[in-house]
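>>> coordinates only, sequence not included:
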């Protein structure tokens, strides 16, 4: 029996090892360990501005650092200039920065005692943040194991931990994009579950305080985490009898409500103080846009990065809600998870910027873990469960880890994916240029053998340069066909320098109409300073069967490229 109980503990140690190894494997951003960029910079801004530069408003210290470390992504969107005096207000809330303080302090201490710049962004700070977050997360999933073992046996707990920690997108936000908010909020949910359980077992003021403080701190990390309140409020209300007993206990401990409320205010207070200093008011509108009446279901099922599509373990998260009826967390989990999903899919930018699957749900996986455990516990009652569940967990874990490899090499695109593209690259470590073209087109011939194929243009090598309009003309010819017609372009383009902008344009031109397809020049296979291969199909609509076909490269004025092995085919049937 003791051997069986140790399985979930072994899973925790293996997960800790894998998270740490993954952190070492992915330096991030052109092999420079630079985590505090883009959105992560927005969360981190508070620490160097407060503790090093003592300037949270003018940010005069920041442009030289941005020039050195390339932090903003090209534009300072992480802070909003005020229209009255041009002073800046941070757009992102400061809860993550509060949680980063210990790691920032370690990085600063190392920088002060070495030759690294003590500027808040040099290597010691990056490494302290990148590996420091692992401490929070590893400790939290050992605690999550302890929570799960209160309600489920060791095997169900083990499979649940594997599903949540290794078969989901969470590892990406712990071990790679680890300066984002998600990995920092994850432990807050684990602690909230633990504090809630402890208070309901034996009501004490310290658990009420901890529960309230966690909600406040989570709210100033991401405001939508206010839904965390549903966990303690609806815990132990799974039926009328349990609810009656719960509310009786609450009435007996009314001061604990005030304690939790005060603790919540303590958690929120750092943000209020910052807004008061920066704007003169206690509250500041950072700017949010929601579509609550028209939620974006593609967040769950879309080809771009749908949660259930790219992280299929999510389907079992949802399924498990039907199998937790006997547990005290029934209403807490169901209400939280459903409302959380609704809020997440109502955010105006349904892609959530650059992300793998739906990153905005990953921090709340400790709550979803209870539902997943309910599903696994139910499924294990089937006689044949081992023949399905073990292979499923192994497969989903392997697929997830492989997709993280694809994501971090940009093969699994961070923004522009779609169903056809995802299908083409699924479990493929060597996608083709034709696969890459599906990022920009849905036109693809399944089998060229069904068509008559005719080469209409070829060249071995040619150097081209952009004219005064930034256009490099490559090819132009008339089309004359009464059959179903496709064009196929394939070839290599050599460039010496990375351009900020370039695209390949394929025009169909008739007397009064133009049909354009544009293909990105910098796709996931691009080497920037090498010989890059491109290929795509172009379906000719019937109305353009008698028209001109034009191929060009649109880029910056004066840029030069060398074309190699370019071939254009016409396919008809």
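In hand now; what should we look at? These figures come from a predicted structure and were not determined experimentally.
>>> what residue ranges in this structure score low on pLDDT?
Applying pLDDT under 70 to the chain flags the ranges 1-5, 28-32, 497-500, 527-530.
>>> need the contact list for the most centrally placed residue in it.
Relative to the mean C-alpha position of the chain, the nearest C-alpha, by Cα atoms, centre = their mean, is the one of residue 355, at 2.8 Å. Neighbouring residues of residue 355 by Cβ atoms under 8 Å, 6 or more residues apart in numbering: 305, 414. C-beta: built from backbone N, CA, C; applies to glycine.
>>> Residues contacting stretch 488-501, please?
Residues from elsewhere that reach stretch 488-501 (Cβ under 8 Å, 6+ apart): 433, 445, 448, 504, 506, 521-522, 528-538, 551, 553-556, 559-569, 571.
>>> re earlier: and the residue nearest to the centre of the chain, how far from residue 103?
According to Cβ to Cβ, to the nearest Å, residue 355 stands 23 Å off from residue 103.
>>> Count the neighbours of the nearest residue to residue 478 once chain neighbours are set aside for me.
Spatial nearest neighbour of residue 478, excluding adjacent residues (Cβ to Cβ, 6 or more residues apart in numbering): residue 548 at 5.3 Å. Using other Cβ atoms under 10 Å, residue 548 is surrounded by 15 other residues.
>>> Tell me the bridge partners for residue 548.
Here residue 548 shows beta-bridge partners residue 478, residue 509, assigned using DSSP bridges.
>>> So how do I select the buried members of the contacts of stretch 488-501 in ChimeraX?
Here is the ChimeraX command that selects only those of those that count as buried (16 or more other Cβ atoms under 10 Å):
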select :433,504,506,521,522,532,533,534,535,536,537,538,551,553,554,555,559,561,563,564,566,568,569,571
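>>> just checking, which of the contacts of stretch 488-501 belong to strands?
Members of the contacts of stretch 488-501 lying in strands (criterion: DSSP state E): 504, 506, 531-538, 551, 553-554, 560-569, 571.
>>> which SS class is the residue nearest to the centre of the chain?
Here residue 355 is recorded as coil under DSSP: H, G, I helix; E, B strand; the rest coil.
>>> can you check residue 415 too?
Secondary structure for residue 415, judged by three-state DSSP, is coil.
>>> Enumerate every residue touching it.
Contact partners of residue 415, counting by Cβ under 8 Å, 6+ apart, are 304, 351, 353-354.
>>> I'd like to know which of these are buried.
Among those, those classed as buried by 16+ other Cβ under 10 Å are 304, 351, 354.
>>> now the closest residue to the last one other than its chain neighbours: how far from residue 301?
It stands for residue 354. Computed as Cβ to Cβ, 6+ apart, the closest residue to residue 354 that is not its neighbour in sequence is residue 414, at 3.9 Å. Distance of residue 414 to residue 301, given as Cβ to Cβ: 19 Å.
>>> now do residue 524
Residue 524 sits at a distance of 24 Å from residue 301 (criterion: Cβ to Cβ).
>>> what do you get for residue 505?
Residue 505 sits at a distance of 32 Å from residue 301 (criterion: Cβ to Cβ).
>>> Next: residue 480.
43 Å.
>>> could you measure residue 173 against residue 281, distance?
Distance, residue 173 to residue 281, using Cβ to Cβ: 33 Å.
>>> For my notes, confirm residue 482 occurs in a helix.
No. Residue 482: not assigned to a helix; according to three-state DSSP it is coil.
>>> what's the burial count for it?
Neighbour count of residue 482, defined by other Cβ under 10 Å: 9.
>>> Not counting stretch 58-74 itself, show me its contacts.
Applying Cβ under 8 Å, 6+ apart, the contact partners of stretch 58-74 are 34, 36-38, 41, 49, 53, 55, 76, 78-79, 87-88, 119-121.
>>> of these, buried ones?
Applying 16+ other Cβ under 10 Å to the contacts of stretch 58-74, the neighbour count classes 34, 36-38, 41, 49, 53, 76, 78-79, 88, 119-121 as buried.
>>> Looking at these, which are in helices?
Taking DSSP state H as the definition of helices, the buried ones among the contacts of stretch 58-74 contribute 38, 41, 49.
>>> Many thanks, have a good one.
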